[in-house]
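**Q** Quick one, fold the following:
(chains A and B)
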Amino acid sequence: MEASLDQFILAAAIFVPLIASGCFFLGLGSRRGLAYLAFGVPFFASFWTLFRFEGVEIAENGYRFVIEWENTGLQQLGIALRLGLNGISLPLFALAGVVGFAAGWQALHSEMVQSRACLGLLAMMQAGLMGTFASVDVFFFYFAHELALIPTFVLIGLHGGRDRRGAAIEMTIYLTLGALLSLSGLVALYVSSGLESFDLASLSEHLKTVPLSEGLQTWIFPMLLFGFGILVSLFPFHTWAPRGYQAAPTPIAMLHAGVLKKFGLYGLIQVAAPLLPAGKAEAFDVLVWLALGNVVLVGFVAMAQTELKRLIGYSSVMHMGYCFLGIAVGSTMGLSAAVLLMTAHGLSVALWFLLERYLRDRAGTSEMSRMGGFAAKTPVLACFFVAVVMAVIGLPGFANFWGEFGVFLSLANHEDMSVALVLALLGILFSTIFGLRAIAKILFGTPSEALQLRDKETPIHDLEPSERLPAILLLGALLWIGIWPRSVSDNIDQEVLRKFPDQVVTKNLESN
Amino acid sequence: MNDFKLYAEANDWGLLVPEISLAFGALLLLCREALRKQGRESGGGLAFLLQGGLLVYFVARYLFFDPRPDSAGESAFNGMIQQSFPADVMRCFFLGCAFLTSLFANPGLRERRLPQAEFHALVSLAAASMMLLVQSNHFLMLFVSLETVAVCFYVLVSYHRGSPYSLEAGLKYLVFGALSSAILLFGIALLYGTAASWSGGTAPSDPLSFTMLEQFVAANSDSLAVRAGTAFVLAGLAFKLGAAPFQAWVPDVYQGAPTAVTAYLAVASKSAGFVVLFNLVTGPLFGLREFLIPLLSLVAIITILFGNLGALTQTNVKRLMGFSGVAHAGYLLVGIIAAIGMHPDVPEKSVFWAIVFYLLSYSLASYGVFGVMGVLAPTEDADQPRSLYSSLAQKQPFLAFTLAVGLGSLAGIPPLAGFIGKLLLFVVAFQAELYGLLAVMVMGVVIAIYYYFAWIRETVFPPLPSLDSSDKEPQVLWSPQFPSLLLACILGLLTLTTILLGFYQSSLGQSF
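**A** Sure, this is the predicted structure:
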């Protein structure tokens, strides 16, 4: 196969950060140069693939930019390095590039730049993220995810804030359990398909003609559901997330909450749901109730938070519930909306964590009661903050709106999901309450005494240009999708239609 | 006498040149030691030379002369010895282990003014007999070489004569070992007696030979005596593996033995046991599969749970490695069970390679960890609390990195070799449909994450400064020294191999 420029760029998005990470550890090259390479190349690649996607040749299985490298050393097991993008992975690949660039930029302008090891781990994470969403091979899909996950633990342990050691170990145990469960599920799928190949495209072709027996499906699907679910903080396995994010350094929180966490949902959409339809139908009730637990119960918990970083963590857990609902409904609308919401949520939560960092730099704390009056002192920061809260609530004009709206529509279209719809709509109310309350406490009112004292010592200044750049980037992406959603959703719809040609969900909430 | 004449005339000695030269070298060392003048230092250079040289010989033979011996192997000494490519790989493996053990032990021996030549001679002898053990195709051969290994280890374990821990460990190992040898011998005698005095049908002419016993056992799988004999043989082997119910000696002996010997015991002795077990259950005892699968499954479950739960509460890292060694034996037993219960259309060879790969990754990681432990060991080798490793990353980044990679690989974290090892075991366990065992294994791996990471955390993540100032404990001013250059190179090589094998398995992977 002749390597074209497109394929080269796709591969570079993964391997350049990986090599840069090695150079960081070995002490070769300058910090800044390597960092620009490690985060700039994926950033460029994400735009390149977005704009070229329509133009390039499409393979039979719906993938584009396909690269195959057979000789992995495990080819006997049917493992090969297969890279490519389809309509579902394209927005997430681009998301990883954009959020990665913002997070890398933030790391370069924070104390993390002091340590080469930290930057190296961050670059490794970036490589893993790009690889996760560009993998067509189920093994490498998992492998790349772990490549991104391990640095997360280490970076939280090394550079986190208060409570980092406890948070790091709790997160490690939870996420390793989730990863192992999903690995067992994937291996079970591989073994029982009898195809002796980890190639997702040929697996789905094969299982379309020879589906697994219902007994096997009801066995494997829950393994994948709970394995992936733990990784996405599905209720009641979500407690690691707020604690971990609170302890995590900002770039890590942005990358993990924004991008890496989407791995589980992505796995459900790309692997579990299309390959195991009967298993999914069987687990439908459980999935819907747990997702509603995410929205409603965690929503209540989020409203009670007094610390901004924890609030963001809980709000991110809460919004995962909508994605699960979209997947559970399983209609074209629901699935596409879930993918769109994943992208939108990734951008908004990364932006929110970024702004929290800026606020914390100025106030010296993340406690909302010890802030106040930022609107007068830092108008630009305040504008960004209001914008991101609007996005999180899901107001039209931001990408989140289309995602949440789509999920609600799909719930409404589904017969007998009215209870779920009402409960899910409550979530909007919750996010409005905690969002607006955060705005009121942080931006308006009189500054707290501690803040006034601090202001006297070192006057609080508005955002520097170097601080604005990543924020503008993320907000721009949110607005772009919010105003012109079809630029992303058309591709998603096409792929979802291809993957789920006649999705009929037979079971529902009221039937048992 | 006729048999003896046959052996003498067969002239197969050439096949055993490595073992013979190793044993001869060891004897030569001992002779020189006996004639050594007072005051001259005893050295083990010859042992190093032989171990290293033979390793090179094997690798060179594989690479240049006999690259792919796919043949059934060569039978020698009237069927006592069965040579094959897998056995050759294991011979290499034991040579490598012996080389590393001698190398790691040397600084400690010199420091404690213990005779070196004797130590290296014993290590070489143990290696030679383990090499014979994996080729044995006859119960007599098996028992004699097993006993030679055991006798060498009795001495090696109590080699630190000044340390009460070491002496206690030696005594425990001796008592347990003697008991288990007796049980094993009893089992062999039962099998022999039943087979030789069989009245119904044709009794095998040499009931100790694996090949002949195979048919007999298959034909008489219901006989109580055969089953009892098998159970006793397995019990005797379980001692070598550190598997339940003969695992109680492991933590104490691992803690008391000199660190390098612990590594040798944990890696080489255990591997030898597993290869023998594999040969037995897929060879002479295969006819008893209906009986073996439930029996071994029970053993594996207890072993995994005992090892992991026991390790949870350990603060002495040498004991921790002992318990975790038990857990790893449990995982490997799952592989052995998979070999028995494998679907007929999957070649059992692939299971063997899965086990070998696991052993290889385990040995690389273990030698890395034990190597670092040996460097950091205080004068009393057995006394190694976890707090000894506190903030090692700040004092000796290289050692901390080696330790972290080793522990990560033992925990089975991608992208390290240990992960691929676990993955392969998962795959074969799925293929053999051992779902219950898999669940236990996943549970064990998750528990293991906790204690391995607690150790990594102690090593890598610095304790928070605020906590340090609050408890007024005097900071222990302890600075670990850097190992000698050779040792550092070897440790680096082990670490590098662990990482590389995680990414690319090369021709190793093609054997599956």
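**Q** and the stretch 1-150 of chain A, which residues reach chain B?
**A** By C-beta under 8 Å from any C-beta of the partner chain, the residues of the stretch 1-150 of chain A that approach chain B are A:72-77, A:142-143, A:146-147, A:150. Just so you know, the C-beta spots here come from the backbone N, C-alpha and C atoms, and that holds for glycine as well.
**Q** change it to 7 Å
**A** A:72-74, A:76-77, A:143, A:146-147, A:150 (C-beta under 7 Å from any C-beta of the partner chain).
**Q** Chain A too?
**A** A:72-74, A:76-77, A:143, A:146-147, A:150, A:157-158, A:165, A:168-169, A:172-173, A:176-177, A:180-181, A:184, A:187-188, A:191.
**Q** Can you turn the buried part of the residues you listed into a PyMOL selection?
**A** Buried subset of those, written as a PyMOL selection, criterion 16 or more other C-beta atoms under 10 Å in any protein chain shown:
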select buried, chain A and resi 72+73+74+77+143+146+147+150+157+158+165+168+169+172+173+176+177+180+181+184+187+188+191
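**Q** Can you name the two of the residues of the stretch 1-150 of chain A next to chain B that sit furthest apart?
**A** Pairwise distances across the residues of the stretch 1-150 of chain A next to chain B (C-beta to C-beta) peak at 26.1 Å, for the pair A:Gln76 and A:Ile150.
**Q** Residue ranges in the stretch 51-200 of chain A under the pLDDT threshold?
**A** Counting by pLDDT under 70, not a single residue of the stretch 51-200 of chain A qualifies.
**Q** show me where it has strands.
**A** Counting by DSSP state E, counting those that start in this stretch, the stretch 51-200 of chain A has these strands, from start to end: A:64-69, A:81-85.
**Q** Output the ones you listed in TSV; the columns should cover mean neighbour count.
**A** What follows is the strands of the stretch 51-200 of chain A, written out as TSV (neighbours: other C-beta atoms under 10 Å in any protein chain shown):
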stretch	mean neighbour count
strand A:64-69	20
strand A:81-85	24
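**Q** can you give me the strands for chain B?
**A** Using DSSP state E, the strands of chain B run over B:74-76, B:81-83.
**Q** Chain A: which of those strands is closest?
**A** Set against chain A and scored by C-beta to the nearest C-beta, the strands of chain B come closest in strand B:81-83, at 24.5 Å.
**Q** Filter the residues of the stretch 1-150 of chain A next to chain B down to just the ones in helices.
**A** A:143, A:146-147, A:150 (DSSP state H).
**Q** before we move on, the earlier item: right, and the strands of chain B - which one's nearest B:Gly273?
**A** Among these, strand B:81-83 comes nearest to B:Gly273, with 17.6 Å by C-beta to C-beta.
**Q** Report how many residues lie close to whichever residue of the stretch 201-350 of chain A sits closest to chain B.
**A** Closest contact between the stretch 201-350 of chain A and chain B, by C-beta to the nearest C-beta, is at A:Trp219 (8.2 Å). Close neighbours of A:Trp219, defined as other C-beta atoms under 10 Å in any protein chain shown, add up to 18.
**Q** And the helix or strand containing it, what does it pack against?
**A** Taking DSSP states H and E as the definition, one finds A:Trp219 inside helix A:214-231. Packing partners of helix A:214-231 (3 or more C-beta pairs under 7 Å, 6 or more residues apart in numbering or on different chains; DSSP states H and E): helix A:164-193, helix A:262-267, helix A:277-282.
**Q** With distance to B:Phe93 added, can I get those in a markdown table?
**A** Output for the helices and strands packed on helix A:214-231, formatted as a markdown table (distance: least, C-beta to C-beta, whole Å):
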| stretch | distance to B:Phe93 |
| --- | --- |
| helix A:164-193 | 26 |
| helix A:262-267 | 37 |
| helix A:277-282 | 42 |
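**Q** between those helices, which one is nearest to B:Val157?
**A** Shortest distance between B:Val157 and the helices and strands packed on helix A:214-231, using C-beta to C-beta, is found for helix A:164-193: 33.8 Å.
**Q** remind me which residues of the stretch 301-450 of chain B are low pLDDT?
**A** Within the stretch 301-450 of chain B, the ranges that satisfy pLDDT under 70 run B:343-348.
**Q** how about the residues of it near chain A?
**A** Within reach of chain A by C-beta under 7 Å from any C-beta, the stretch 301-450 of chain B has these residues: B:413-415, B:426-427, B:430-431, B:438, B:442, B:445-446, B:449-450.
**Q** For residue 52, which non-adjacent residue is spatially closest?
**A** No chain in the question, so chain A it is. In space, and not counting its chain neighbours, A:Arg52 is closest to A:Asp6: 5.8 Å by C-beta to C-beta, 6 or more residues apart in numbering or on different chains.
**Q** right idea, wrong chain: chain B
**A** Of all residues not flanking B:Gly52 in the chain, B:Phe99 sits nearest, at 5.7 Å (C-beta to C-beta, 6+ apart).
**Q** hmm, back to that, compute the inter-axis angle for the helix holding A:Trp219 and helix A:164-193.
**A** Orientation check (axes from the mean of the first three to the mean of the last three C-alpha atoms, to 10 degrees): helix A:214-231 against helix A:164-193 gives 160 degrees.
**Q** Flag every residue of chain B that's near chain A.
**A** Within reach of chain A by C-beta under 7 Å from any C-beta, chain B has these residues: B:413-415, B:426-427, B:430-431, B:438, B:442, B:445-446, B:449-450, B:453-454, B:457, B:460-461, B:504-506, B:509-510, B:512.
**Q** Give me the buried subset of the residues you listed.
**A** Buried residues within the residues of chain B next to chain A, counting neighbours by 16+ other C-beta under 10 Å: B:413-415, B:426-427, B:430-431, B:438, B:442, B:445-446, B:449-450, B:453-454, B:457, B:460-461, B:505, B:509, B:512.
**Q** so of the residues you listed, which ones are in helices?
**A** Counting by DSSP H, these contribute B:426-427, B:430-431, B:438, B:442, B:445-446, B:449-450, B:453-454, B:457, B:460, B:509 to helices.
**Q** and the residue nearest to B:Leu54 when sequence neighbours are not counted, how many neighbours?
**A** Nearest in space to B:Leu54, with sequence neighbours left out and distances taken as C-beta to C-beta, 6+ apart, is B:Pro18 at 4.9 Å. By the criterion of other C-beta under 10 Å, B:Pro18 has 23 neighbours.
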